[in-house]
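Asker: Quick one, fold the following:
(2 chains)
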There are 2 protein chains.
Amino acid sequence: MKRTNYAGLIDESYLEQTVTLQGWVQKRRDFGGLIFVDLRDREGLVQLAFSEESSADALHLAEKIRAEYVIEVTGVVTARVAGQENPRLKSGKIEIKVTSASILAEAQTPPFEIGNAENVSDEMRLKYRYLDLRRPEMQQNLLVRSKITAATHAFLDANGFIDIETPILAKSTPEGARDYLVPSRIYPGSFYALPQSPQLFKQLLMGAGFDRYYQVARAFRDEDLRGDRQPEFTQLDVEMSFMTQTEIMALVNQWVQAIMAKTVNYDLAIDEIPTLDYADSMRRFGTDKPDMRFDMELQDLSTLMADAEFGVFANAIKNGGQVKAIVVPGAADKYSRKDIDKLGQYVERFGAKGLAWLKVTDDGITGPIAKFLTAKEAELLAATDAKAGDLILFAADKAETVAATLDALRRMTAKEMGLIDESKWAFAWIVNWPLFDYQAEEDRWISAHHPFTMPNEEDLDLLNSVESAHKAHAQSYDLVLNGYELGSGSIRIHRMDIQEKMLAALGFTKEAAHKAFGFLLEGMTYGFPPMGGIALGLDRLAMLLAGQDNIREVIAFPKNSKATEPMTEAPLPVAKVQVEDELGLKAPVYAENIAPNMAEA
Amino acid sequence: MKRTNYAGLIDESYLEQTVTLQGWVQKRRDFGGLIFVDLRDREGLVQLAFSEESSADALHLAEKIRAEYVIEVTGVVTARVAGQENPRLKSGKIEIKVTSASILAEAQTPPFEIGNAENVSDEMRLKYRYLDLRRPEMQQNLLVRSKITAATHAFLDANGFIDIETPILAKSTPEGARDYLVPSRIYPGSFYALPQSPQLFKQLLMGAGFDRYYQVARAFRDEDLRGDRQPEFTQLDVEMSFMTQTEIMALVNQWVQAIMAKTVNYDLAIDEIPTLDYADSMRRFGTDKPDMRFDMELQDLSTLMADAEFGVFANAIKNGGQVKAIVVPGAADKYSRKDIDKLGQYVERFGAKGLAWLKVTDDGITGPIAKFLTAKEAELLAATDAKAGDLILFAADKAETVAATLDALRRMTAKEMGLIDESKWAFAWIVNWPLFDYQAEEDRWISAHHPFTMPNEEDLDLLNSVESAHKAHAQSYDLVLNGYELGSGSIRIHRMDIQEKMLAALGFTKEAAHKAFGFLLEGMTYGFPPMGGIALGLDRLAMLLAGQDNIREVIAFPKNSKATEPMTEAPLPVAKVQVEDELGLKAPVYAENIAPNMAEA
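Answerer: Now for the predicted structure:
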């Protein structure tokens, strides 16, 4: 029998129709001779009613079935008895009076209930991922992800982009993070590397004249995992020739608009997407990925506090640092001294040494440091625009510490105070980035984005010496959504001389540069066009659009925080013959080889 | 300046318009004060005319530019002088009278001319792949591939399929070919494996209730390479729950119809796609992937020749073998005795011991064995329907050798005789396959497709013993196009008891079965729905639709026959620290580590 409908989509417009459904038993209630079953499929639930009007076989089946049995039923769509409606279901006004039914698969009692899995541990959810994914929330999450890629394919196809696949078995290059390696069997001791991005390949494709490329591309980084990192992740990767930064950003805006329309039915107003200089973003929000769903911008009080009586402030300025503050509206009553101490402990991780604060009352400022600031009270309130009932949080330190501290406090207190409009989608472009970043711990300069980023035209000469190079700014542009970096784009270097200078400024000898990137450098001597592009992180975008706070929720089979996949238990030791005889390597441990080798026809 | 048009798309409908173009210099002809340049972009060529009417700068530029320079020009679309038209170009009736121009990138002389690369070696083409890909033929090949995926996304999206990504870092399972392994850094001695297909994951997704899944999925096999094999390849992978083989085949027909319309503008008549039993395909064509663009079916002469005077034929039958023949129409004059000897040598690789043949003349059969067959001449000509002028080729041996020999001769002679209609797209379904295949060399049984293939319902009881299991037939269906297997599909086992019996018949102990596939077997006990699917080989499909005979022609950066990528030289040795310190392995050779480590922000 063929399915006529999805269970979750039947409503009163189908009354009196005979339908055939297939799905899973979510719940069964037996009233003796009258049995109700909630049938679940990917579109939702419908109530089945088995009674003496059903066939004897169907009624017998209804007595036998348990949660997660897979069944097929045929029946008539009927209005529920008045008072029995369920307004939370699309199908809540009807039920299916079953005439016939059959069991397609039995099920043992699952380790957790699909309809009641809120408190199941993450490991349990991943071990039984095929059950976890039956939950409507997870079905919805992966559906949102699928809609993003569908919108991407449709938009980019319509705009002349060619979908081109680049290798997964590639060359290890020293571009950024640690590579995953794949041993070669034909050349023992040689390795492929899994790509950290298709960056070099897409530049070569522009060199090959494809003009507009895209790929939904898997990328890999062998780094320690955080909440929004996975060993493998997916990029919506595009590259264009002969286009300026402005033109590329405009096209990406349209693309993102198409995604928002298809996934969350949101009409994104492109004109309202702000573009901020990197320096302004750091100044106003303390971060390069500002959450612009709310205000609470950082106020620079350095000038005001240079001669403050409060030594912490005055000394910070004296030592070349800053004093900045955020105002948390209406928070004076909500945060106890203990709560604020907790905030202070929290920001220690950013290098902050304690947290100075003030509450504003109708009678002026209060708090432990108020007495040191009475002379500046009026100026302070004017500068910060703080009102009675507000909480002012200060950071006084070197610029990076101030920025990191106030960025964290801004996001945390806004969330705790309910000041974030969760229905908002706040996109922003961050532009005019530095080309290099100084890593203090290692005392060296690295690429702010990656080594193939084009400097601003007017900064090209700065690359002539390694010293001045580090002052250059880049033609790069990051797209931010609700405080998350969605993607990082740039105009690329398309000339060998510039690329060589860039690599020199990163510490490469000419020999090392050509050993690592010779194919690209040589390519550039054969007429590479001006080009640029961007890669949007699909996992993060799907996470945000699905309303989740961890990318694991939008990946079908993610790894856990130990880079393990609990269902299959990968990675695992393999047989000695695979490692030693086939690959010419030695491993510290091997698995017993108990399975027969099954060749495929 | 923004591009207004693609060079290759400008024709006489743009006359008098001012256009701005960007592209590559393909050719430059200098007539002193009048310089013609062929400008190439991804859509084709257009002729630029530089003369004293151009700006002085533009004329100076025209004198300087060489092949593969990247330039930007603005000019007016003008009719060519009568007699100067080029009918092979869309833009052949016009030229661009250049007013201004600039150089976007210079180029040194490339190692081969883009417009004249027919005799460049494969290694050279792969080493300079970014130049090779500039050739219009390669641009077209990758465009066809992109159109296949675009049609696939559009069709499957419209039909309720959800695009779900499955892991690339997965578990090594003994399903078929050799796995590529990826060492784990966190668990030294443990390995991920790159998937040979998303088979198990897509079955788990059906178990999770997604109902209709698809993915353009990368897959990996560490096998020795042939013309149509690459270490990594791409599958158009679909899976559906609650559908029968017939329903799935009908849906795939529609999908393929959509692909053919979008890529080669061909209206595929679904009703005309034949469905052949595996046994019939082997009997009629000697292969499970028959090229049905032409006839020349195999004729079984075993009964007729059982008592033949010609000992080779009679003995083949006596030893339990067959005598079969193909008739090559009109080939009697075309094949000399020497040509036929060559065919005989060729089929030795299939185990054939020599090649018996006859030519049919107006006076009857001729050739070395004719004298032994005069008694059967009339019957032979009636049975084979051979006419004067035809060549008859025989195979007399055990069934597999006869099939392989005549399949090869059928395809080869049809091609040499020009009997194949190259404009035809001959799809066919091959069904009712054996579930197992006997491997004589290894004296053991393997899966004919893969170990998750559902037996025919009426054969389920055969699985109760390992001996009878090998007689079972499968619910599997292969799609064939022009003699190539495009994809292999099947209904899957969704019950643990059947899956356990299947693995037992393949030689797995119960312990080994659960060690290798425990997550799947356990999953099946929690209510897995009936399911089936198929994966179409994108590389092979693109190769056929682009009119190529090697999948390397439709892959941007393929590996060569040694699994090496000549442009980047991957795979390569890596630094000792990566292998020993990070992965806990030992390799026989290491690379010097000369590049600085560049972390990414």
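Asker: all contacts plus neighbour counts: C-alpha atoms, from now on.
Answerer: Will do.
Asker: In contact with the spatially most central residue of chain A, which residues are there?
Answerer: With distances taken as C-alpha atoms, centre = their mean, A:Arg540 lies nearest the centre of chain A, 1.6 Å away. A:Arg540 is in contact with A:Asp228, A:Tyr484, A:Leu486, A:Ile551, counting by C-alpha atoms under 8 Å, 6 or more residues apart in numbering or on different chains.
Asker: confidence score at A:Asp228?
Answerer: pLDDT for A:Asp228: 73.
Asker: go on, A:Leu463?
Answerer: So, for A:Leu463, pLDDT stands at 93.
Asker: what's the burial count for it?
Answerer: 21 (other C-alpha atoms under 10 Å in any protein chain shown).
Asker: what's stretch A:78-92 in contact with?
Answerer: Stretch A:78-92 has contacts (C-alpha under 8 Å, 6+ apart) with A:8-12, A:15-16, A:45-47, A:93-97.
Asker: now, which of the residues you listed lie within strands?
Answerer: A:Leu45, A:Val46, A:Gln47, A:Ile94, A:Glu95, A:Ile96, A:Lys97 (DSSP state E).
Asker: Go through the residues you listed and name the one nearest chain B.
Answerer: Ranked by distance to chain B (C-alpha to the nearest C-alpha), the ones in strands among the contacts of stretch A:78-92 are led by A:Leu45 at 12.6 Å.
Asker: State the number of residues packed around that closest one.
Answerer: 25.
Asker: for A:Ala395, same thing?
Answerer: Considering only other C-alpha under 10 Å, A:Ala395 is surrounded by 31 other residues.
Asker: Same check on A:Met1?
Answerer: A:Met1 has 12 nearby residues by other C-alpha under 10 Å.
Asker: For the closest residue to it other than its chain neighbours, give its distance to chain B.
Answerer: Among residues not flanking A:Met1 along the chain, A:Thr20 sits closest, at 7.4 Å (C-alpha to C-alpha, 6 or more residues apart in numbering or on different chains). Separation of A:Thr20 from chain B (C-alpha to the nearest C-alpha, to the nearest Å): 12 Å.
Asker: what residues are up against A:Thr20?
Answerer: Contacts of A:Thr20 (C-alpha under 8 Å, 6+ apart): A:Met1, A:Lys2, A:Arg3, A:Thr4, A:Asn5, A:Glu72, A:Val73, A:Thr74, A:Gly75.
Asker: what pLDDT does the residue of the stretch 201-350 of chain A found nearest chain B get?
Answerer: Closest approach between the stretch 201-350 of chain A and chain B, counting by C-alpha to the nearest C-alpha: A:Ala208, at 4.5 Å. For A:Ala208, the model assigns a pLDDT of 98.
Asker: doesn't A:Glu467 make contact with A:Lys501?
Answerer: No: using C-alpha atoms under 8 Å, A:Lys501 is not in contact with A:Glu467; the gap is 11.5 Å.
Asker: Between those two, which is the more surrounded one?
Answerer: Neighbours per residue (other C-alpha under 10 Å) separate A:Lys501 from A:Glu467, with A:Lys501 holding more: 21 against 10.
Asker: Per-residue pLDDT of the more buried one, please?
Answerer: A:Lys501 carries a pLDDT value of 95.
Asker: Helix, strand, or coil at it?
Answerer: Three-state call for A:Lys501 (DSSP: H, G, I helix; E, B strand; the rest coil): helix.
Asker: and what of A:Val347?
Answerer: helix.
Asker: correct me, but it touches A:Thr405?
Answerer: Yes: between A:Val347 and A:Thr405 there is a contact at 5.7 Å, judged by C-alpha under 8 Å.
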